[in-house]
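1. How does the following fold in three dimensions:
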Amino acid sequence: MATPQAEGAPAYEGSGATMMNGGASDFGSQEVSLQANGDAKEKHRNTENLRNEFPHAFNDPESYFCTEHYCLVMVGLPAMGKTFVAHRLAKWLKFFHDVNVKVFNLGNERRQSVGVKIPHSFFDPANKENKERYCKIQRSFVRRIKTDFLVKDQVPRIAIYDACNHTKETRDWIINEMGTKIKVIFIECIVNDPAVIKGYLGEVWKTMPDYDGVDGKEASLDYKNRIKHFRQAYEPMKDPNLRYFPGQIVNFLMNLHTVPRPIYLSRHGQSQYNALGKIGGDSSLTKEGIKYAQKLARFCEKHILTGGGSETKDKDKCDNPKHARLYTSTLRRTNETVQFISHRVQEDGWVTLRQRQWRALDEIYAGVFDGMTYKEIQEKCPTAYVNRKRNKLTYRYPRGESYLDVIKRVEQVMLHMQRHKDPVVIVAHQAILRVIYTYFMGLPRETATIKPIPLNTVIKLTPYAYHTKEEKFVLHQMGKSGGHGDFAPSH
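-> Numbering: from 1, shown residues only. Take a look at the predicted model:
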C-alpha cells in the first residue's frame with residue numbers, strides 16, 4: 001500500500017501508476033500477495049515453479065521505432081552545436097530505442113585525407129582548387145555512408161551525417177544521391193545569442209583535433225576566420241519541401257540544448273536493507289546513511305552551489321549554479337538522504353535545490369523477490385537466479401520489472417532534464433543511476449546491468465560535444481559497522 005502523501009509534501013512526478021509493496025511502482029504488474037516481511041513459507045511458496053512467469057517480449061530493432069533507412073543531415077555554420085546535437089541524438093536513439101545508429105563526421109574524414117593542421121584558408125570559397133578538393137572528399141564520404149552502412153543489408157539503420165552542408169546545392173545533391181529508399185531529414189542548428197556563441201567557441205576549439213597543441217589565441221583566431229569563410233557561402237534552410245521528422249526525434253530535439261552543465265548522481269545513503277544485504281524494499285537509512293546525508297548537504301553548499309568549488313579555477317559552465325535542481329525517487333531512503341539539504345529562496349524567487357520526486361526514478365521492482373537476499377533467491381529459486389545472471393537486461397523479476405522496463409520509464413526524466421541549463425542533482429538507486437550513467441557516457445545498454453554505482457559517492461557528469469567529463473567525489477567512508485559496505489547488493 002502507498003503511504004498517504006503528507007500535507008505540503010512535494011508532488012510526485014512521472015508515471016501515474018499506483019504504488020505497492022512499500023512504494024515500488026506498479027508498471028503493468030498484478031498485485032503480489034507475497035510480502036517482504038511475511039511468513040517465509042508463504043513468501044516462497046510456489047516461487048520455484050514461477051521461473052519467469054511474465055517474460056519481457058524482447059524485439060529486434062527493426063520491429064519498433066526504426067523500420068526504415070534514414071539519413072539525418074546536420075546543417076549550419078561551425079560552432080553552432082551540430083556535433084553536440086548529433087552525438088547526443090545518436091546516444092538517445094541507441095540507448096533508449098535500441099536503434100542501429102552511427103554518426104559520420106566529415107571533419108574526421110577531411111583530416112584523414114588532407115591532414116590535421118590545415119589553415120583556415122583551406123575553407124575559403126574563393127580558392128577553387130581547395131573547394132573542389134573539399135567537395136570531392138565530401139561526396140566520396142557520403143557515397144560510402146550509403147553503400148557501407150545504410151544499404152549494406154536489409155537491417156534498418158540511421159546515419160547522422162555531421163557536416164556544415166551549408167549550401168542548397170550540397171543539400172540537393174545529398175537528396176539525389178540517397179535516392180528514394182533512404183529518407184533524408186535535415187537538422188539545422190542556428191544560434192543567435194552572441195553570449196552563447198562566444199561560450200561555445202571557447203569550448204569547441206579546445207576539444208577539436210585540428211587545434212591540439214596549438215596556442216589558444218592562434219587557434220581561436222583561426223577558427224573564427226574559418227567560420228567567416230563558411231558564412232560567405234551559407235544558405236539557410238528555406239526549402240518549401242522540408243522533410244517531416246519522426247515524432248520521437250522532434251520531441252528529443254525540442255528538449256535539447258548545447259550549454260554544458262553538470263549532472264550529479266548519488267545513491268541514497270546506506271539503508272537498513274543495504275546493511276542486511278536485501279534488495280528492494282522501502283527501508284529507512286542507517287546511522288551511516290544519515291552521516292552520508294549530512295555530508296551530501298555540505299557538498300551541495302560548498303561544491304554544487306559555488307559552480308564547482310570556491311577554490312577551483314575551472315568553474316562549471318552553467319548559467320547560474322544557485323539555480324540547481326534536485327530530483328529524487330519517491331522511496332523513503334532517497335527522501336531521507338536529502339533531508340539536510342537547504343532550500344534557500346534567491347533574490348529572483350528561485351528556491352535552491354527544491355526537491356522534485358519522480359516515480360520513474362524508483363528502484364527496479366523485484367516483484368516476489370522484494371526484500372530477499374541474493375542467497376535466499378539462489379536457494380529458494382535457483383532457476384530464476386540463473387536466468388537473471390544469464391541476461392539481466394531482458395530478465396523480468398516475477399511480478400516485477402526488467403532493466404528494459406527501467407530504461408523505458410527513465411527516458412521521460414531524461415527528456416525533461418535535458419531542457420534545463422541548470423545543474424541537476426539526482427538522488428536515486430543503483431539500477432536507475434546505472435541507466436543514467438550508461439546513457440550519458442555513450443556505453444552499450446548491457447553495461448547498465450553491471451556498472452557499479454557505490455554508496456557514499458557523488459558522480460559528476462558534464463556532457464560536451466566530443467565527450468562527457470566524469471568526476472567522482474567520495475564523501476563518506478563506512479567502518480566495520482557498515483554491513484556490506486559501499487557496494488551493498490542492489491540489483
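
2. Please verify my assumption that residue 229 contacts residue 130.
-> No: the pair residue 229 and residue 130 fails to qualify as a contact (CB atoms under 8 Å) at a distance of 10.1 Å. Using the backbone N, CA and C atoms, a C-beta is placed for each residue, glycine as well.

3. any common contacting residues for those two?
-> Listed as contacting both residue 229 and residue 130 by CB atoms under 8 Å, 6 or more residues apart in numbering are 123, 124.

4. Let me see the contact set for residue 406.
-> 364, 431, 432, 435 are the contacts of residue 406 under CB under 8 Å, 6+ apart.

5. which of those residues lies closest to residue 268?
-> residue 432 (10.5 Å; CB to CB).

6. burial measure for the closest one, as a count.
-> 28 (other CB atoms under 10 Å).

7. Just to check, it is in contact with residue 331?
-> No: here residue 432 lies out of contact with residue 331, judged by CB under 8 Å, at a distance of 10.4 Å.

8. Need the overlap of contacts for those two.
-> Joint contacts of residue 432 and residue 331 (CB under 8 Å, 6+ apart) are 362, 363.

9. Just the ones of the contacts of residue 406 in helices?
-> 431, 432, 435 (DSSP state H).

10. Quickly note the distance from the closest residue to the first one other than its chain neighbours to residue 180.
-> If you skip the residues right next to it in sequence, residue 431 has residue 364 as its closest partner in space, 4.1 Å away by CB to CB, 6 or more residues apart in numbering. Applying CB to CB, to the nearest Å, one obtains 44 Å for the distance of residue 364 from residue 180.

11. who's more crowded, those two?
-> The residue with more neighbours, out of residue 364 and residue 180, is residue 364; 27 against 6, by other CB under 10 Å.

12. Residue 267 touches residue 428, doesn't it?
-> Yes: counting by CB under 8 Å, residue 267 does reach residue 428; the two are 7.1 Å apart.

13. Can you name the two of the contacts of residue 406 that sit furthest apart?
-> So, those by CB to CB: farthest apart are 364 and 435, at 9.3 Å.

14. follow-up on the earlier one: next one: the residue nearest to residue 431 from residue 436, what distance?
-> 13 Å.

15. re earlier: and the contacts of residue 406, which is closest to residue 89?
-> For those, the nearest to residue 89 is residue 435 (18.1 Å; CB to CB).

16. how many other residues sit next to the closest one?
-> Look at residue 435: counted by other CB under 10 Å, it has 29 neighbours.

17. can you check residue 176 too?
-> Applying other CB under 10 Å, we find 9 residues neighbouring residue 176.

18. Looks to me like it is in a strand.
-> No: looking at residue 176 with DSSP: H, G, I helix; E, B strand; the rest coil, it is helix, so not inside a strand.

19. Pull the contacting residues for it.
-> Contact analysis of residue 176 by CB under 8 Å, 6+ apart lists nothing.

20. any idea how far it lies from residue 139?
-> With distances taken as CB to CB, residue 176 is found 11 Å from residue 139.

21. buried ones in whichever strand or helix holds residue 136?
-> Using DSSP states H and E, residue 136 sits in helix 128-145. Within helix 128-145, the residues that qualify as buried by neighbour count (16 or more other CB atoms under 10 Å) are 130, 134, 137, 138, 141, 142, 145.

22. Select the helix or strand of the protein having the lowest average pLDDT value.
-> Here the helix or strand of the chain ranked lowest by mean pLDDT, DSSP states H and E is strand 19-20, holding a mean of 34.

23. Strands of the chain, start to end?
-> 12-13, 19-20, 24-25, 69-75, 101-105, 158-162, 182-188, 263-267, 325-328, 355-358, 424-428, 457-463, 468-474 (DSSP state E).

24. and of the ones you listed, who's closest to residue 208?
-> Among these, the nearest to residue 208 by CB to CB is strand 101-105 (10.8 Å).

25. Show me what that closest one is packed up against.
-> Judged by 3 or more CB pairs under 8 Å, 6 or more residues apart in numbering; DSSP states H and E, strand 101-105 is in contact with helix 82-97, strand 158-162.

26. Need the contact partners of that strand.
-> Outside strand 101-105, the residues touching it (CB under 8 Å, 6+ apart) are 66, 83, 86-87, 90, 93-94, 141, 145, 149, 157-163.
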